[in-house]
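> got a sequence here, can you build the structure:
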Amino acid sequence: MKNFLNKTKSYVVNHKKLSIFILIILIFAGYWWYTKATSTTGETRYITTTASLGTIISSVTGSGQVSASNQVNIQPEVSGTIKAINVNPGDYVSSGKILFTLDDTDALKTIRDAQMNLDNANLSLEKLKLQDSTENLSADLSKAYDDGFNTVSNTFLDLPTIITGLDNLFFKANASGRNYINIYSESVGQPDRDKAISYRDSVTNAYNIARAAYDLNFNTYKNTSRTSSNQEIEALISQTYDTTKLISDAIKTSNNYIDFVNDSMQRYNFDIPSFIATHKATLSSYTSQTNSHLLDLLSIKTSIKTSKDAFQNSDIDIKSSTLSVQQKENALADAKDALSKYNIVAPFSGTIASVPVNLGDNAGSGTILATIITSKKLATIPLNEVDIAKIKLGQKATLTFDAIPDLTITGRVEEIDSIGTVSQGVVNYNVKISFDTNDTRVKPGMSTSAAIITNIKQNILTVPGAAVKSQNGTSYVQTFTTALPKAALGVQGSPSIIPPTNVTVTTGLSSDTLVEITSGLNEGDIVVTKTIAGSTSTTSTPSLLNTVGGNRGGASIGGSLH
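Below is the predicted model of the structure:
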């Protein structure tokens, strides 16, 4: 009994060890399969996104301090003669009060011209839509193909007669049972006989080529009607043009043959038979007919191409004209915006400290019209000569403070230095920014960082900056026509057997992360933001022995079954 229990116990223990061994093998097999299935060794993968409508905010950043002084110089954004001065030193003024008025005659003329340009652009667009409407262009193209079939039909009114006439003229036996292709070669003087035979062979060869092309062309013509597809009609026109050229060449070769024979007979004082003049007249008539048909066929080929190009380009022309209208609208809006700047208003409430100008003086962007003292806090931000060129009075800004991390205050550009200061060879220009709100935590002398918004565009086509590449001064993006499969778990990017296509684009405004695309892409297009090159290296997999037993010198798992 005791022996039986020992054997049973040994059997159970050994089976447990075997089960553990099998389980470990299954785990390893699953790991190996997963590694194999998700391996990206040697393949190129792409991270993509889509071109989408969005907003880009372009800004200039700089660091400075909260000013101890709270006075600002009032400067105009435009140039002109001072027409009105509405304040005196010591006056208290409210925000928005008109302080000065400049002569706006030129600005009004600019608005007038911009309005006229916009009206002309709208007229051009409407005219283009009427002329190049899809219906009109489709009708023009249909007419061109119909005219093309008519031209081919007219050509085949003459080609059968011409090809048969050439055959009868040279290769059919006459009343004496001989053909003229040989009669001509035998009519020359003996010294010209070999050359005449060469001419004869050229005529025979040219005719045979033209005849073969004609037979094939005529069969195509019989199987084509004006209700055939545009592609079939266009192919028939090209085939007929080529056939007519070959027949024309055969006629020319025949003329050259007869002219040589006629010249040889004259040199040897042979009697010139009357059939030579008859044949020359016949060939002259054929030449006139084929030349006329060649011109008609070439003309209709050109007409079809022109109609096709117009049909394909009409959408582009209308888009271009629409863009021109938008540009003229923007120019008019800019002109109207500039007109408002001829009235110089108080940027905020305060007391006028000085008015150093007089009526009739000329004022420009660097002219100080007045100095106003305000209770608002100001920040002074020095900017370099590249950034200062982008700054204008009235631009919005956001201010943050090192000492108050949770505080952000909006503001407005109120003053721009017209003369820079040089420090260690670097030219800086101070910009004063007024705070829209006062916060008692902000003290004079505190450090502040400003982001001055220089441009905002909304509802524009954008892509990430990483998607735009440049080569030889041209910008381009890489695109896929269809979406790639989802990336495997834990793997960056998706593989593609077909490489992306380079598409040239025109860029506009940009920010730290986005770039505006003004042409070359459409909303929803798939663009590549990152390419991950494949590697030829392999990743080692753990040894089965090491996985199961660790060090091979360790204890073994198993035992004999009893």
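> my guess is Tyr476 contacts Thr504. True?
Yes - at 5.0 Å, Tyr476 counts as touching Thr504 under the criterion of C-beta atoms under 8 Å. C-beta coordinates here come from the backbone N, C-alpha and C atoms, glycine included.
> going by contacts, tell me the helices and strands next to the helix of greatest length in the chain.
For the chain, the helix with the greatest residue count under DSSP state H is helix 274-340. Counting by 3 or more C-beta pairs under 8 Å, 6 or more residues apart in numbering; DSSP states H and E, the packing neighbours recorded for helix 274-340 are helix 105-131, helix 134-170, helix 230-267.
> Asn362 is nearest to which of these?
helix 105-131 (12.7 Å; C-beta to C-beta).
> quick one: list the elements packing against that closest one.
Using 3+ C-beta pairs under 8 Å, 6+ apart: helix 105-131 touches helix 274-340.
> next secondary structure after the helix it packs on?
strand 343-345 (DSSP states H and E).
> quick check: mean pLDDT across that following strand?
Across strand 343-345, pLDDT averages out at 93.
> picking that back up, for the helices and strands packed on helix 274-340, which one sits closest to Ser292?
That would be helix 134-170 among those, by C-beta to C-beta, at 8.7 Å.
> next secondary structure element downstream of the closest one?
Where DSSP H and E defines the elements, the next helix or strand beyond helix 134-170 is helix 180-186.
> give me the contact list for that next one.
Applying C-beta atoms under 8 Å, 6 or more residues apart in numbering, the external contacts of helix 180-186 come out as 169-171, 174, 193, 196-197, 199-200, 203-204, 257-258, 261, 275, 279.
> between the longest helix of the chain and helix 105-131, how big is the angle?
140 degrees (axes from the mean of the first three to the mean of the last three C-alpha atoms, to 10 degrees).
> off-centre distance for helix 274-340?
Taking C-alpha atoms, centre = their mean, to the nearest Å, the mean C-alpha location of helix 274-340 is offset from the chain mean by 25 Å.
> now it: mean pLDDT?
Helix 274-340 comes out at a mean pLDDT of 88.
> do the same with stretch 151-160
For stretch 151-160, mean pLDDT rounds to 96.
> in that stretch, which residues are buried?
151-152, 155-156, 158-159 (16 or more other C-beta atoms under 10 Å).
> one more: stretch 430-446?
The neighbour-count check on stretch 430-446 (16+ other C-beta under 10 Å) flags 430-435, 442, 446 as buried.
> ok, stretch 161-181 next?
In stretch 161-181, residues buried by neighbour count (16+ other C-beta under 10 Å) are 162-163, 165-166, 169-171, 179-181.
> got any ranges where the stretch 51-200 of the chain has weak pLDDT?
In the predicted model, the stretch 51-200 of the chain carries pLDDT under 70 at residues 130-137.
> pretty sure Ile272 is touching Ser264, no?
No - in this structure Ile272 lies outside contact range of Ser264 using C-beta under 8 Å: 10.6 Å.
> among those two, which residue is more densely surrounded?
More neighbours surround Ser264 than the other of Ile272 and Ser264, with 20 against 12 (other C-beta atoms under 10 Å).
> got the contact list for the closest residue to the more buried one other than its chain neighbours?
Nearest residue to Ser264 in three dimensions, chain neighbours excluded: Val188, at 3.9 Å (C-beta to C-beta, 6 or more residues apart in numbering). Neighbour list for Val188: 195-196, 260-261, 264-265, 268 [criterion: C-beta under 8 Å, 6+ apart].
> please parse this structure into its domains.
In terms of domains, the chain is parsed into 2-39+540-549, 45-54+461-532, 57-103+345-459, 134-324 (source: automatic domain parsing).
> turn the ones you listed into TSV, including distance to Glu126.
Listed next are these as TSV, based on distance: least, C-beta to C-beta, whole Å:
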stretch	distance to Glu126
domain 2-39+540-549	59
domain 45-54+461-532	23
domain 57-103+345-459	25
domain 134-324	9
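> so for Asp334, which of those sits nearest?
Proximity to Asp334 (C-beta to C-beta) singles out domain 57-103+345-459 among these, at 11.9 Å.
> how far does that closest one stretch from start to finish?
12 Å (C-alpha to C-alpha, to the nearest Å).
> go through stretch 96-116 and flag the buried ones.
Within stretch 96-116, judged by 16+ other C-beta under 10 Å, the buried ones are 99-104, 107, 110-111, 114.
> same thing with stretch 117-125?
Within stretch 117-125, judged by 16+ other C-beta under 10 Å, the buried ones are 117-118, 121, 125.
> distance of the closest residue to Gly189 other than its chain neighbours from Thr278?
The shortest distance from Gly189 to any residue other than its chain neighbours is 4.0 Å, reached at Tyr268 (C-beta to C-beta, 6+ apart). Distance, Tyr268 to Thr278, by C-beta to C-beta, to the nearest Å: 22 Å.
> again with Gln266
Noted for Gln266: a distance of 17 Å to Thr278, by C-beta to C-beta.
> Thr400 is nearest to which of the helices and strands packed on helix 274-340?
Closest to Thr400 of these, according to C-beta to C-beta: helix 105-131, at 37.3 Å.
> what's the most distant pair in the buried residues of stretch 117-125?
Asn117 and Leu125 (12.7 Å).
> in the protein, which strand has the most residues?
With residue count as the measure and DSSP state E as the assignment, the chain has strand 447-464 as its longest strand.
> contacts for whichever helix or strand comes after that one, please.
Using DSSP H and E, the helix or strand that follows strand 447-464 towards the C-terminus is strand 469-471. Residues outside strand 469-471 that contact it (C-beta under 8 Å, 6+ apart) are 475-478.
> quick one: mean pLDDT for strand 469-471?
Rounded mean pLDDT across strand 469-471 is 91.
> right, and the helix or strand after that strand?
Following strand 469-471 in sequence, per DSSP H and E, is strand 474-480.
> packing partners of that next one?
strand 469-471, strand 501-504, strand 526-532.
> make it 7 Å
For strand 474-480, the packing partners by 3 or more C-beta pairs under 7 Å, 6 or more residues apart in numbering; DSSP states H and E come out as strand 501-504, strand 526-532.
> now the longest one - C-alpha only, CSV.
Yep, that's strand 526-532 we're talking about. The C-alpha trace of strand 526-532 is given here as CSV (Å, rounded to 0.1, in the frame of the first residue of the first chain):
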residue,chain,number,x,y,z
ILE,A,526,-3.3,62.5,-46.8
VAL,A,527,0.2,63.9,-46.1
VAL,A,528,3.3,62.4,-44.6
THR,A,529,4.6,64.0,-41.4
LYS,A,530,7.4,61.6,-40.7
THR,A,531,9.2,58.8,-42.6
ILE,A,532,10.7,56.0,-40.5
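> can we start the residue count at 24 from this point?
Done: numbering now begins at 24, and the last item shifts to strand 549-555.
> now do that strand, average pLDDT.
92.
> now swap in the first one and tell me
Mean pLDDT, strand 524-527: 93.
> pull up the pairing partners for that strand, direction included.
Taking DSSP bridges as the criterion, strand 524-527 sits next to strand 497-503 (antiparallel) in its sheet.
> mind listing what's buried along the strand it pairs with?
498-503.
> redo those residues as JSON lines? Include pLDDT and distance to Thr78.
Below are those laid out as JSON lines (pLDDT from 0 to 100; distance: C-beta to C-beta, whole Å):
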{"residue": "Ser498", "pLDDT": "93", "distance to Thr78": "21"}
{"residue": "Tyr499", "pLDDT": "94", "distance to Thr78": "24"}
{"residue": "Val500", "pLDDT": "95", "distance to Thr78": "20"}
{"residue": "Gln501", "pLDDT": "94", "distance to Thr78": "24"}
{"residue": "Thr502", "pLDDT": "94", "distance to Thr78": "23"}
{"residue": "Phe503", "pLDDT": "93", "distance to Thr78": "26"}
